[in-house]
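Trainee: Need a 3D model of the following:
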Amino acid sequence: MWDDGRRAGRGIARFVRSLPLTRVLVLSSGPVIRNGVPLPPTVYPLAKGRVWAMLAGSLLFVALGIVFLIAHSTVIMTAVGVTAVSFFGFCSVIIIQRLFRDRPELVLDDAGVDHVRLGRFGWDEIAAVRIREQRVRNTSQRFIELVLHDPDAYLARAPKLVRSAASMNARLGFGPASMATNTLPEPSEAVLDAMRRHCPGLTVQH
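Mentor: Residues are numbered from 1 along each chain as shown. Presented below is the predicted three-dimensional model:
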């Protein structure tokens, strides 16, 4: 009887070894693995050369506004001067803060997106991404828009500056989570490719 049991056990083992192997796909919210190693974060520093140029342009308009205020020959010139000094002076302050802030402009990792102005997003909050372009006369500005599942939930925690600009962005057809690409050292398409590396299932709208 003992020999019979051993022969039966060996038969079962041979049967199990003869079964075809089946690969099982496990979906996980953990880090994306490449060749056994988690994918490191993709870090984009501030493109300081472009931002210095933006600061120079803003300061030039501030100077022109001051000239208009000094001349104040007409009410229109005075109003233009006040507007130029106020708006471009505010822009200059924001640009200077970003130049001297020791923080990356954008960080992508396997958990989500961290933008210096917009804040942090998990990949599960993002329905899709797309490149948008805004044209003003002969110039154009490109943006990467994060299309969110729940924009209102994001706005509830968004920085104050983002919340204050949300209504204006909506009138222009943009969502609340749009990042300008002129402060990034890489083109928009390269940033989207990096996003897809960290989140392979991410939808890119065209």
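
Trainee: pretty sure Trp52 contacts Leu99?
Mentor: Yes: at 7.2 Å, Trp52 and Leu99 qualify as touching, with contact defined as CB atoms under 8 Å. No exception for glycine: its C-beta is placed from N, CA and C like everyone else's.

Trainee: elements contacting the helix ranked longest in the chain?
Mentor: In the chain, taking DSSP state H as the definition, the longest helix is helix 75-100. Here helix 75-100 touches helix 48-71, going by 3 or more CB pairs under 8 Å, 6 or more residues apart in numbering; DSSP states H and E.

Trainee: ok, which stretches of this protein are helices?
Mentor: Listed in chain order, the helices of the chain (DSSP H) span 2-18, 48-71, 75-100, 151-157, 160-171, 188-198.

Trainee: so of those helices, which one's packed in deepest?
Mentor: helix 188-198 (a mean of 17; mean count of other CB atoms under 10 Å).

Trainee: any residues touching that one, and which ones?
Mentor: Under the criterion CB atoms under 8 Å, 6 or more residues apart in numbering, residues 32, 39, 42, 44, 106, 108-110, 113, 123, 129, 131, 142, 144, 181, 184, 186, 202, 204 lie in contact with helix 188-198.

Trainee: From those residues, which land in strands?
Mentor: Assigned to strands by DSSP state E, the following of those qualify: Thr42, Tyr44, Leu106, Leu108, Val113, Val129, Ile131, Arg142, Ile144, Val204.

Trainee: picking up where we left off before, now list the buried members of the contacts of helix 188-198.
Mentor: Among those, those buried by neighbour count (16 or more other CB atoms under 10 Å) are 39, 42, 44, 106, 108-110, 113, 123, 129, 131, 142, 144, 181, 184.

Trainee: for these, which one is nearest Val75?
Mentor: Minimum separation from Val75 among the buried ones among the contacts of helix 188-198 (CB to CB) is found for Arg142, which lies at 37.5 Å.

Trainee: so what pLDDT did Val80 get?
Mentor: Per-residue pLDDT puts Val80 at 80.

Trainee: swap in the one 4 residues further on?
Mentor: The predicted structure scores Ala84 at 84 on the pLDDT scale.

Trainee: Need the phi and psi values for Arg101.
Mentor: Per-residue torsions, Arg101: phi -90, psi 120 (degrees, to the nearest 10).

Trainee: The one 3 residues further on now?
Mentor: In terms of degrees, to the nearest 10, the main-chain angles of Pro104 are phi -60, psi 150.

Trainee: Quickly note the distance from it to Trp123.
Mentor: Using CB to CB, to the nearest Å, one obtains 18 Å as the distance from Pro104 to Trp123.

Trainee: How many neighbouring residues does His149 have?
Mentor: Using other CB atoms under 10 Å, His149 has 11 other residues around it.
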